[in-house]
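Asker: Model the following, please.
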Amino acid sequence: MQQYGNSRAAIQWLSVGKPQSRHHDNYGGKLQQHAPAHQVLRAVGRAAAHHVPQAQKQDYGDCSYCQRYEIVKNIHGTETLLPFVISCGDNALLERSVLMKSMKLYTNVHRIHNELAALGIGPDAALRVDQLTPFDQYHYFGTDAVDEALEVLQLQPGARVLDVGSGIGGPARYIAAKTGARVTALELQSDLHEVARDLTARCGLSSRVEHVCGNILDGAVAENYDAIISFLCFLHIPDRAKLFAACRAALKPAGVMYIEDFGKSRPLSADEAKALSVKVQCATLPGRADYETHLVTSGFSDVSMNDVTGAWKDFTASRLAMFRTARPRNIEVHGQEIVDDLDDFYGTVAQLFQDGAIAGLKIIAR
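Answerer: Numbering: from 1, shown residues only. Model (predicted):
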């Protein structure tokens, strides 16, 4: 792999080919329209176009690709330019994926490779699921939370599970390895999707975990799944009616959905609403009654909710304190920019919980 020096670690978006050219959707095979390059670069904000040698650019006749390049620096200071193809789908999907990057948990997602390198695990080495679980669970309480979901779902080997907003694949791999279920890991953001797919392959789980880059609002295979899980993803999706209708349609008639999500605790101040909207990408915060109404209206007849606000308040405060205590070590492993970004995100969420601005909900819907 070619090395590039003197570059700042940042997500870069480059358009290859003419703006508004038609291109193949790498996951659906369809020809669709994509957003102009200048719009994408402007939306990203601080990420600037990085010069890429002509040899790195790919053009397949009239079929051009949008490509994302991320500069990744490991603990030894070596910077590597990693190219990935992004499936734009349509302008709305691309715009939503870009906007998610204002949530710092979702930037520099290759940082998991820094953690593995710190453990002496090379970039091509085979992996075990337990080696990844300290780093690949983006929700609260890690695999303990997934185990709670599994107690409810009672999955059998071969059961079909849809993980909506699967991140870098932590819960999907854990469920497949522990239960023998077949998991479809659906993730909107292409960089998370690519990292997840690589880690799953290195764990030898590609036959049991299928990674799909796409949007649940576009629907999934009808009546295909025994269970749907989603950990702290639905808070990013304002259109709850369309979301829950798509989930209900994807489930088998006796299927069950397990959700961990934010809920409305009280009216928000302008600053709290802004922090949620920008730094957490949560523009809509339903109360418990509204949440249940959305589910029932979408065809779920049995809905139960458990308020876990206190536990999540303690968790987010503890996570922030531990992260700050380990700051020197984290900067050595990841660099200051990544650490500052995560500190800002962890601090924002912890403060929202401490101030009683948001509630934590565990929801089971049948």
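
Asker: for the spatially most central residue of the chain, what are its contacts?
Answerer: Nearest to the geometric centre of the chain sits residue 167, at 3.0 Å (Cα atoms, centre = their mean). Going by Cβ atoms under 8 Å, 6 or more residues apart in numbering, residue 167 touches 136, 138, 187, 192, 196. The way it works is simple: take the backbone N, C-alpha and C, and place the C-beta from them, glycine included.

Asker: cutoff 6 Å now
Answerer: Applying Cβ atoms under 6 Å, 6 or more residues apart in numbering to residue 167 gives the contacts 138, 192.

Asker: Tally up the residues packed near residue 135, please.
Answerer: The burial count assigned to residue 135 is 18, neighbours taken as other Cβ atoms under 10 Å.

Asker: scratch that, residue 259 is what I was asking about
Answerer: 24.

Asker: Check what pLDDT residue 256 gets.
Answerer: Residue 256 is assigned a pLDDT of 98 by the prediction.

Asker: Then residue 101?
Answerer: For residue 101, pLDDT reads 77.

Asker: Kindly report the same for residue 57.
Answerer: Value listed for residue 57 in the pLDDT field: 31.

Asker: What ranges does the stretch 251-366 of the chain have for its helices?
Answerer: Under the criterion DSSP state H, counting those that start in this stretch, the stretch 251-366 of the chain contains helices at 270-279, 288-297, 309-325, 327-334, 336-354.

Asker: May I see these organised as TSV, with distance to residue 142, mean pLDDT and mean neighbour count added?
Answerer: Formatted as TSV, these follow (distance: least, Cβ to Cβ, whole Å; pLDDT from 0 to 100; neighbours: other Cβ atoms under 10 Å):
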stretch	distance to residue 142	mean pLDDT	mean neighbour count
helix 270-279	22	96	15
helix 288-297	24	96	16
helix 309-325	10	98	16
helix 327-334	18	98	15
helix 336-354	15	97	18
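
Asker: Residue 131 is nearest to which of those helices?
Answerer: Nearest to residue 131, of all the helices of the stretch 251-366 of the chain, is helix 327-334, at 15.6 Å by Cβ to Cβ.

Asker: Can you spell out which helices and strands pack onto that closest one?
Answerer: If contacts are counted by 3 or more Cβ pairs under 6 Å, 6 or more residues apart in numbering; DSSP states H and E, helix 327-334 sits against helix 111-118.

Asker: picking that back up, ok, which of the helices of the stretch 251-366 of the chain comes nearest residue 183?
Answerer: That would be, of the helices of the stretch 251-366 of the chain and by Cβ to Cβ, helix 288-297, which comes in at 22.5 Å.

Asker: which residues touch that closest one?
Answerer: 240, 244, 263, 303, 305, 365.

Asker: Report how many residues lie close to the first one.
Answerer: Around residue 240 sit 18 other residues, with neighbours defined as other Cβ under 10 Å.

Asker: quick one: contacts for it?
Answerer: residue 294.

Asker: Now the strand ranked longest in the chain: buried residues?
Answerer: For the chain, the longest strand by residue count, based on DSSP state E, is strand 251-264. The neighbour-count check on strand 251-264 (16 or more other Cβ atoms under 10 Å) flags 251, 255-264 as buried.

Asker: For it, C-alpha coordinates in PDB please.
Answerer: Taking C-alpha atoms only, strand 251-264 is exported to PDB below (Å, rounded to 0.1, in the frame of the first residue of the first chain):
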ATOM      1  CA  LEU A 251     -40.000  -8.700  10.400                       C
ATOM      2  CA  LYS A 252     -41.700 -12.100  10.100                       C
ATOM      3  CA  PRO A 253     -45.200 -12.000  11.600                       C
ATOM      4  CA  ALA A 254     -44.000 -13.400  15.000                       C
ATOM      5  CA  GLY A 255     -40.800 -11.300  14.900                       C
ATOM      6  CA  VAL A 256     -39.600  -9.000  17.700                       C
ATOM      7  CA  MET A 257     -37.700  -5.700  17.700                       C
ATOM      8  CA  TYR A 258     -35.300  -4.700  20.500                       C
ATOM      9  CA  ILE A 259     -34.300  -1.000  20.600                       C
ATOM     10  CA  GLU A 260     -32.000   1.100  22.800                       C
ATOM     11  CA  ASP A 261     -32.800   4.800  22.100                       C
ATOM     12  CA  PHE A 262     -33.000   8.300  23.500                       C
ATOM     13  CA  GLY A 263     -36.300   9.700  24.700                       C
ATOM     14  CA  LYS A 264     -37.600  13.100  25.700                       C
END
